[in-house]
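Enquirer: Could you work out the structure for the sequence below:
(chains A and B)
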Amino acid sequence: GAGVSQSPSNKVTEKGKDVELRCDPISGHTALYWYRQRLGQGLEFLIYFQGNSAPDKSGLPSDRFSAERTGESVSTLTIQRTQQEDSAVYLCASSPTGSYNEQFFGPGTRLTVL
Amino acid sequence: QKEVEQDPGPLSVPEGAIVSLNCTYSNSAFQYFMWYRQYSRKGPELLMYTYSSGNKEDGRFTAQVDKSSKYISLFIRDSQPSDSATYLCAMRGLTGANNLFFGTGTRLTVIP
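Expert: Numbers count the residues shown, from 1 in each chain, chains lettered A, B, ... in the order given. Sure thing, here's the model as predicted:
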């Protein structure tokens, strides 16, 4: 079946612009995660959605970052007024309810802020 | 101090060698230990996970956890060029799905 998909695969933007990243999770997966992977760094948790519960936003680095998810489907991560330090690969993952250890990752969106 | 420490490598080995990848951690509350493999320009994929201390084997891969030393290992036997990837350890406590802590990853190249 189809895996997690993300779009765009690459995004180059100018400092100060807003960007929107999209994630399509595996159908039926109730949990959805966003991570940031900077060069030479481990995956950094950003936000977690579980079904219709309030999302855990504890990993968002600043108020310039926000994310939404419609039910158990598509999620968008928005970065406002991008900065050069936002340059990274943004990874989305989904998992079935209760399957916390196995997260299915998308290919990521490589964001470059000039 | 980082929650999880992992040597970034890079590590190059000849085909057929035994590979040892390791992580150390500081949080004694971690109970689940995972190894993910990430090919270039791809998302990570789960290789295997273990609960608490002990060994787990899956084909050519063996995961080992020593909670007393806060040290985990992944061994790859008879390494193949297709094993060339970045290997990330990850771990979490008993509660909190979002509390998954990743290492920085070790980049492995298996030379034919």
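Enquirer: ok, the residue nearest to A:Arg64 when sequence neighbours are not counted - contacts?
Expert: With Cβ to Cβ, 6 or more residues apart in numbering or on different chains as the measure, A:Gln80 is the residue that lies nearest to A:Arg64, at 4.6 Å, once sequence neighbours are left out. In this view, the C-beta of every residue, glycine as well, is placed from N, C-alpha and C. For A:Gln80, the set of contacting residues under the criterion of Cβ atoms under 8 Å, 6 or more residues apart in numbering or on different chains consists of A:Asp18, A:Arg64, A:Phe65, A:Ser66.
Enquirer: Now chain A against chain B: closest residue?
Expert: Across chain A, the shortest distance to chain B (Cβ to the nearest Cβ) belongs to A:Phe105, at 2.9 Å.
Enquirer: Look at that residue and say how many residues are nearby.
Expert: Around A:Phe105 there are 23 other residues, counting by other Cβ atoms under 10 Å in any protein chain shown.
Enquirer: returning to what we had before: and the residue nearest to A:Arg64, its phi and psi?
Expert: Main-chain dihedrals, A:Gln80, degrees, to the nearest 10: phi -90, psi 150.
Enquirer: Need the pLDDT of it.
Expert: pLDDT recorded at A:Gln80 is 98.
Enquirer: one step back: can you tell me, leaving aside adjacent residues, what's nearest to the residue of chain A closest to chain B?
Expert: For A:Phe105, the spatially nearest residue (Cβ to Cβ, 6+ apart) is B:Gly43, at 2.9 Å.
Enquirer: Okay, strands next: where are they in the chain?
Expert: I'll assume chain A. Across chain A, reading from the start of the chain, the strands by DSSP state E fall at A:5-7, A:10-13, A:19-24, A:31-37, A:43-50, A:65-69, A:75-79, A:88-95, A:104-105, A:109-113.
Enquirer: Please refer instead to chain B.
Expert: Read by DSSP E, chain B holds these strands, from start to end of the chain: B:4-6, B:11-14, B:19-25, B:32-38, B:45-51, B:54-58, B:61-66, B:71-76, B:85-92, B:101-102, B:106-111.
Enquirer: how about the residues of chain A near chain B?
Expert: Remark: the part of chain A in contact with chain B comprises A:4, A:31, A:33, A:35, A:40-45, A:48, A:50, A:56, A:58-59, A:91, A:93, A:95, A:100-108, using Cβ under 8 Å from any Cβ of the partner chain.
Enquirer: Drop anything exposed from the residues you listed.
Expert: In terms of neighbour count (16 or more other Cβ atoms under 10 Å in any protein chain shown), the buried residues within these are A:4, A:31, A:33, A:35, A:42-45, A:48, A:50, A:56, A:59, A:91, A:93, A:95, A:100-101, A:103-108.
Enquirer: Could you list the low-pLDDT ranges of chain A?
Expert: With pLDDT under 70 as the threshold, chain A has low-confidence stretches at A:1.
Enquirer: measure the most centrally placed residue in chain A to A:Thr112 for me?
Expert: With distances taken as Cα atoms, centre = their mean, the residue of chain A nearest its centroid is A:Trp34 (3.2 Å). When Cβ to Cβ, to the nearest Å is applied, the distance between A:Trp34 and A:Thr112 equals 18 Å.
Enquirer: Which residue is the nearest non-sequential neighbour of A:Gly71?
Expert: By the measure of Cβ to Cβ, 6+ apart, the closest residue to A:Gly71 outside its immediate chain neighbours is A:Asn52, 7.1 Å from it.
Enquirer: how many neighbours does the one you found have?
Expert: What A:Asn52 shows, counting by other Cβ under 10 Å, is a neighbour count of 9.
Enquirer: low-scoring stretches of chain B, by residue?
Expert: Counting by pLDDT under 70, the low-confidence segments of chain B come to B:1, B:96-98.
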